[in-house]
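# next input, structure requested:
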Amino acid sequence: MRLIRQKLVYLAERLEKLESFLVPSFEEYTKEPWRPAAVERMAQVVIDTIIGTNHILLRACNKPPAASSWDSFRRVRELGIINPELAKRFVKSYVGLRNRIVHLYEPLDDRRVFETVQKLVKDARGYLEEVAKFVESEEQSAEGGED
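Alright, predicted model coming up:
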């Protein structure tokens, strides 16, 4: 669980960095040319960190590796680590955003990125809380089993 805790600390740090780039309006978001690129990069790092954490969670639970990023959310949800709605939002919105950023399938729509990242921050915080609760529960169970 130590590695998962380290990932959660890193995720919290990256989320703070991402939030520092966010502004209330789309006009402000596009006013400075560096801001959309910085937000895209930090969003990618946040999503990649969460996907990586999913893979570590599966390994910690002695489960086989996930076949894909999408599958990692399904499997972590099935283990009861994150709630179904949160897993669904990551699969439907954020993994796709990450892939569009990384692979440049098409030009990114700044407005869509702006709107999606606002939601991502909230959901990433939810993920952080749910995984932290799971880790705490597992650690307490392990301590109880040592008596």
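
# which SSE is residue 17 in?
Residue 17 is located in helix 2-21, with elements delineated by DSSP states H and E.

# now swap in residue 100 and tell me
Here residue 100 is assigned to helix 95-103, by DSSP H and E.

# quick one, what contacts the closest residue to residue 70 other than its chain neighbours?
With C-beta to C-beta, 6 or more residues apart in numbering as the criterion, residue 70 has its nearest non-adjacent residue at 5.1 Å, and that residue is residue 91. Every residue, glycine included, has its C-beta placed from N, CA and C. Neighbour list for residue 91: 70, 73, 74 [criterion: C-beta atoms under 8 Å, 6 or more residues apart in numbering].

# now the residues you listed in TSV, with distance to residue 16, pLDDT and neighbour count?
Formatted as TSV, the contacts of residue 91 follow (distance: C-beta to C-beta, whole Å; pLDDT from 0 to 100; neighbours: other C-beta atoms under 10 Å):
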residue	distance to residue 16	pLDDT	neighbour count
70	27	96	17
73	23	98	26
74	28	98	18
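
# tell me the one of these nearest residue 106?
residue 70 (19.2 Å; C-beta to C-beta).

# what helix or strand is the spatially closest residue to residue 7 that is not a sequence neighbour on?
Using C-beta to C-beta, 6+ apart and skipping residues adjacent in sequence, the residue nearest residue 7 is residue 53, 4.5 Å away. Here residue 53 sits within helix 34-60, counting by DSSP H and E.

# list the buried residues of the helix or strand where residue 144 lies.
For residue 144, the enclosing helix or strand under DSSP H and E is helix 110-145. Buried residues in helix 110-145, defined by neighbour count with 16 or more other C-beta atoms under 10 Å: 113-114, 116-117, 120-121, 123-124, 127-128, 130-131, 134-135, 138.
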